[in-house]
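[1] what's the 3D shape of this:
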Amino acid sequence: MYLVLECGVRLMGSVPSSVDVRADGLLISCLFRKGSMEPVVFVHGLGDSKESYREVFRREEFGSFTILVADLVGFGDSDKSADFSYSMRDQAEILRKVIDCFGVERFHLVAHSMGGAVGIELCEMVSSRVCSFIDAEGNLTSEDCTGSRHIAGIGEEKFVQVGFEQFKRRLREELERTGNSAGMEYLKSLSKATAESMYKSSISLVKESDSGDLLARFCQLPFYKCYVYGENNKGVFPAEKLLRQRGIPIFYVSNSGHAMMDDNPDEFYNLVLQIIRRS
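    Below you'll find the model as predicted:
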């Protein structure tokens with residue numbers, strides 16, 4: 001692992017190694033590989049980390065692309081600051097500065113779950129630099145808040161004291177019962193998050209989703225954007241119908257649920273590549 005002070009970057013050839021950059025005094029852990037084709041920036045969801053996208057670096061079809069994946073503040077190997085707001089907007093502002101650190105100008109954006117809300121904020125900040133936005137089951141309406149609403153409803157003191165450990169224990173038990181190996185990877189990332197980052201992020205995410213304007217803001221972005229569902233969630237959320245009414249392209253990843261990049265990585269990454277080429 002290399003430490004990157006401010007915006008200096010050191011890389012080991014084309015093999016992604018974890019690199020750290022500083023943004024507003026916070027150390028942000030990233031995976032980065034410079035390629036000859038346009039950059040693709042990936043954003044993870046609540047409790048997840050950059051590890052959820054490690055597969056993209058192994059795929060030959062992405063070998064020529066510049067790829068950047070960062071741990072959001074409070075998650076993965078990035079700093080867990082008690083003074084950070086953990087709002088979607090502040091996460092996007094840090095991510096913008098991280099992107100600048102790597103000298104990335106125009107880029108494609110792929111964001112999952114909570115990362116979708118962060119992605120909308122980021123796109124509004126740098127709309128002239130975004131080539132396309134692939135929103136993979138990102139929050140758009142109040143009905144999209146499931147785990148985050150549960151966490152927000154527990155209350156901060158209780159969640160910090162016992163709720164987070166209970167949340168992880170129940171998840172582990174469910175994954176062991178079902179033999180969900182892909183879910184175990186998420187649990188590894190979740191173990192690196194803090195109760196404070198999970199709770200404060202959930203509060204912000206629920207507030208943004210309940211505002212009623214996330215979907216409209218997404219649809220108004222002035223470049224190609226689309227939405228991706230895991231096929232198991234087809235027809236489950238009201239946003240799907242609303243997106244269709246607004247003419248937003250919708251795609252499905254077969255044999256998968258919310259964690260589509262883990263459930264069916266071949267189809268997910270092939271779809272991402274097709275959308276990028278099309279846009």
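[2] Low-confidence ranges, the stretch 1-150 of the chain, go.
    1-16 (pLDDT under 70).
[3] try 80 this time
    For the stretch 1-150 of the chain, applying pLDDT under 80 flags the ranges 1-17.
[4] So which residues of it form helices?
    For the stretch 1-150 of the chain, the helices defined by DSSP state H, counting those that start in this stretch cover 55-58, 88-101, 114-125, 147-154.
[5] hey, which of these is tucked in deepest?
    Highest mean neighbour count among these (mean count of other C-beta atoms under 10 Å): helix 114-125, with a mean of 26. Placement of C-beta: from N, CA and C, glycine included.
[6] Relative to residue 135, how far out is residue 208?
    Noted for residue 208: a distance of 14 Å to residue 135, by C-beta to C-beta, to the nearest Å.
[7] Those two - which one has more neighbours?
    Neighbour count, other C-beta atoms under 10 Å: between residue 208 and residue 135, residue 135 has more, with 28 against 25.
[8] residues contacting the residue lying closest to the more buried one once chain neighbours are set aside?
    Take residue 135 and drop its neighbours on the chain: the residue closest to it by C-beta to C-beta, 6 or more residues apart in numbering is residue 116, 4.6 Å away. Residues near residue 116 by C-beta atoms under 8 Å, 6 or more residues apart in numbering: 43, 135-140, 218.
[9] Residue 123 too?
    Residue 123 is in contact with 109, 130, 133, 221, 223, counting by C-beta under 8 Å, 6+ apart.
[10] Just give the number of residues close to the third one.
    It stands for residue 133. By other C-beta under 10 Å, the burial measure for residue 133, its neighbour count, is 25.
[11] Of the contacts of residue 116, which pair is most distant in space?
    The largest separation in the contacts of residue 116, counting by C-beta to C-beta, is between 43 and 140 at 15.0 Å.
[12] Low-confidence ranges, the stretch 151-279 of the chain, go.
    181-182.
[13] Helices of that one, start to end?
    Under DSSP H, counting those that start in this stretch, the stretch 151-279 of the chain gives helices at 156-158, 164-178, 181-190, 195-210, 214-219, 238-245, 260-263, 265-278.
[14] Now the residue nearest the centre of the chain: phi and psi?
    The centroid of the chain falls nearest to residue 44 when counting by C-alpha atoms, centre = their mean (2.1 Å). For residue 44, the backbone dihedrals (degrees, to the nearest 10) come out as phi -90, psi 170.
[15] thought it was touching residue 73?
    No. Counting by C-beta atoms under 8 Å, residue 44 stays clear of residue 73, with 11.9 Å between them.
[16] C-alpha coordinates for stretch 116-136, PDB please?
    Output of stretch 116-136 as PDB, limited to C-alpha atoms (Å, rounded to 0.1, in the frame of the first residue of the first chain):
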ATOM      1  CA  GLY A 116     -26.700   6.200  -6.100                       C
ATOM      2  CA  ALA A 117     -27.700   9.100  -3.900                       C
ATOM      3  CA  VAL A 118     -24.100  10.100  -3.500                       C
ATOM      4  CA  GLY A 119     -23.800   9.800  -7.300                       C
ATOM      5  CA  ILE A 120     -26.700  12.200  -7.900                       C
ATOM      6  CA  GLU A 121     -25.100  14.700  -5.700                       C
ATOM      7  CA  LEU A 122     -21.700  14.200  -7.500                       C
ATOM      8  CA  CYS A 123     -23.300  14.500 -10.900                       C
ATOM      9  CA  GLU A 124     -24.900  17.800 -10.000                       C
ATOM     10  CA  MET A 125     -21.600  19.100  -8.900                       C
ATOM     11  CA  VAL A 126     -19.600  18.200 -12.000                       C
ATOM     12  CA  SER A 127     -22.300  17.600 -14.700                       C
ATOM     13  CA  SER A 128     -20.100  18.800 -17.500                       C
ATOM     14  CA  ARG A 129     -17.600  16.000 -16.700                       C
ATOM     15  CA  VAL A 130     -19.900  13.000 -16.500                       C
ATOM     16  CA  CYS A 131     -20.200  10.900 -19.700                       C
ATOM     17  CA  SER A 132     -22.900   8.600 -18.300                       C
ATOM     18  CA  PHE A 133     -24.500   7.500 -15.000                       C
ATOM     19  CA  ILE A 134     -25.400   3.900 -14.300                       C
ATOM     20  CA  ASP A 135     -27.500   3.800 -11.200                       C
ATOM     21  CA  ALA A 136     -27.700   0.200  -9.800                       C
END
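[17] If anything else comes up later, I'll come back, but that's it for now.
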